[in-house]
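**Q** Provided below are the primary sequence and the corresponding predicted coordinates.
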Amino acid sequence: MRRVVLLCAAGMSTSLLVTKIQAEAQRQNYELSIEAFPVAKYAEATQDADVVLLGPQIRYELNRIKAAVSVPVEAIDMTAYGMMDGPKVIAQIKALLHD
C-alpha cells in the first residue's frame, strides 16, 4: 500500500480532494492511504510517506519540501485541484511512483 501525503496551507482545503482520490483509487483497485496536513506539519506528516503532493496554493514551498524529504514531491496541477479531479491526481501519483 502506498502512503500519500497532501500538504496545503491549513490542512482543510484538500479534504474534498482526498475523498475524490480515495474513491478513484477504490474504483481502480489501487491500494493507497492518503491524508492531508498543513504544510507547517510536513516534518512529522511525511516520515513514512511514499509521495508528497502540495496544494497549488503552497507551490512556493516545493523546493524546501523536496530538500527536506527523500521521496518524490510535486505540486498538484492547479486545474486538477480546482476541479477536484481524483483520476488526474491518481495518474500523477502513479507517474511519480512509477506504478
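**A** Here it is on my side, so go on. Just so it is clear, the structure is predicted and the values come from calculations on it, not from any experiment. Residues are numbered from 1 along each chain as shown.
**Q** drop to CA atoms for contacts and neighbour counts, all remaining ones
**A** Will do.
**Q** helices of the chain, start to end?
**A** 15-28, 42-45, 62-68, 78-82, 86-97 (DSSP state H).
**Q** make CSV out of these and add mean neighbour count and distance to residue 9.
**A** CSV is the format used below for the helices of the chain (neighbours: other CA atoms under 10 Å; distance: least, CA to CA, whole Å):
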stretch, mean neighbour count, distance to residue 9
helix 15-28, 16, 12
helix 42-45, 14, 11
helix 62-68, 14, 13
helix 78-82, 14, 14
helix 86-97, 17, 18
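**Q** please produce JSON lines containing the ones you listed, extended by distance to residue 4 and mean pLDDT.
**A** JSON lines is the format used below for the helices of the chain (distance: least, CA to CA, whole Å; pLDDT from 0 to 100):
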{"stretch": "helix 15-28", "distance to residue 4": "10", "mean pLDDT": "94"}
{"stretch": "helix 42-45", "distance to residue 4": "10", "mean pLDDT": "94"}
{"stretch": "helix 62-68", "distance to residue 4": "14", "mean pLDDT": "96"}
{"stretch": "helix 78-82", "distance to residue 4": "15", "mean pLDDT": "93"}
{"stretch": "helix 86-97", "distance to residue 4": "8", "mean pLDDT": "96"}
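**Q** okay, the ones you listed in a markdown table with distance to residue 52 next?
**A** Formatted as a markdown table, the helices of the chain follow (distance: least, CA to CA, whole Å):
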| stretch | distance to residue 52 |
| --- | --- |
| helix 15-28 | 13 |
| helix 42-45 | 9 |
| helix 62-68 | 9 |
| helix 78-82 | 15 |
| helix 86-97 | 9 |
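**Q** can you say which of the ones you listed is nearest to residue 51?
**A** When those are compared by CA to CA, helix 86-97 sits nearest residue 51, at 7.3 Å.
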